[in-house]
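Colleague: this is a predicted model, with the sequence first.
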Amino acid sequence: MDNTTEDNVLDIDQTNEEVLSTEESAEHTDAGEGNDNDEELRKLRSENAKLVEIIKRRKERESHVQQETSPEKKSITNSSQLTRDEALLIAQGYSEDDLEQLQLVSRGANVSLKEAKEHPLFISYLEKQEADKKSKKATMGASKGSAMKKTVDIGAMSEEDHKKAWLSSVGMNQ
């Protein structure tokens with residue numbers, strides 16, 4: 001229950017208690033006065049009875065609203081369990097997001113999950129997902145550095161420079 005409903009319930013209860021206490025105090029003070037006050041007392045009591053009925057109706061409405069929302073909560077908890085159709089769709093390779101989209105389409109079009117697979121909305125969703133996958137694959141990744149090495153012109157080297165280059169490439173530095 002949210003805070004506003006709790007506040008309303010508390011206000012209604014407090015109002016009911018205040019009305020009852022004012023009614024009791026009015027009975028004690030009116031006992032010694034006269035017929036004019038008796039008439040006012042009757043009016044106040046009838047108004048008080050009306051207010052009490054209004055309060056009861058509000059409480060009943062609130063309890064009905066709470067009862068109506070509780071089945072929704074139950075259906076949400078039951079939705080965590082897979083149905084046979086959902087299990088078959090997962091076995092066919094559909095992801096959780098695909099299942100959610102299928103459920104939305106099936107509820108919106110008022111058809112079963114199997115029929116929702118062929119619905120144009122779901123087909124366009126799958127095409128969009130496929131296009132996104134392709135575009136992600138097509139983009140170039142970050143550069144991991146240059147694979148090019150310095151080329152050495154062996155023809156212009158002397159015999160001694162050639163031996164040094166060969167030894168350094170083999171890992172035998174002198």
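Modeller: In hand now; what should we look at? Residues are numbered from 1 along each chain as shown.

Colleague: pLDDT of the longest helix along the chain, averaged?
Modeller: Longest helix in the chain, counting residues (DSSP state H): helix 35-78. Average pLDDT, helix 35-78: 79.

Colleague: could you point out which element follows that helix?
Modeller: helix 84-91 (DSSP states H and E).

Colleague: what comes up buried for that next one?
Modeller: By neighbour count with 16 or more other Cβ atoms under 10 Å, helix 84-91 contains the buried residues 85-86, 89. Backbone N, C-alpha and C define where each C-beta goes, glycine included.

Colleague: residues making contact with it?
Modeller: Identification of contacts with helix 84-91 by Cβ atoms under 8 Å, 6 or more residues apart in numbering yields 82, 98-99, 102, 112-114, 117.

Colleague: rerun at 7 Å
Modeller: With contacts defined as Cβ atoms under 7 Å, 6 or more residues apart in numbering, helix 84-91 is touched by 99, 102, 113-114.

Colleague: what is the least confident helix or strand in the chain?
Modeller: Across the helices and strands of the chain, the lowest-confidence element by mean pLDDT, DSSP states H and E is helix 3-30, at a mean of 55.

Colleague: care to break the chain down by domain?
Modeller: Listed domain ranges for the chain are 3-78, 84-136 (source: automatic domain parsing).
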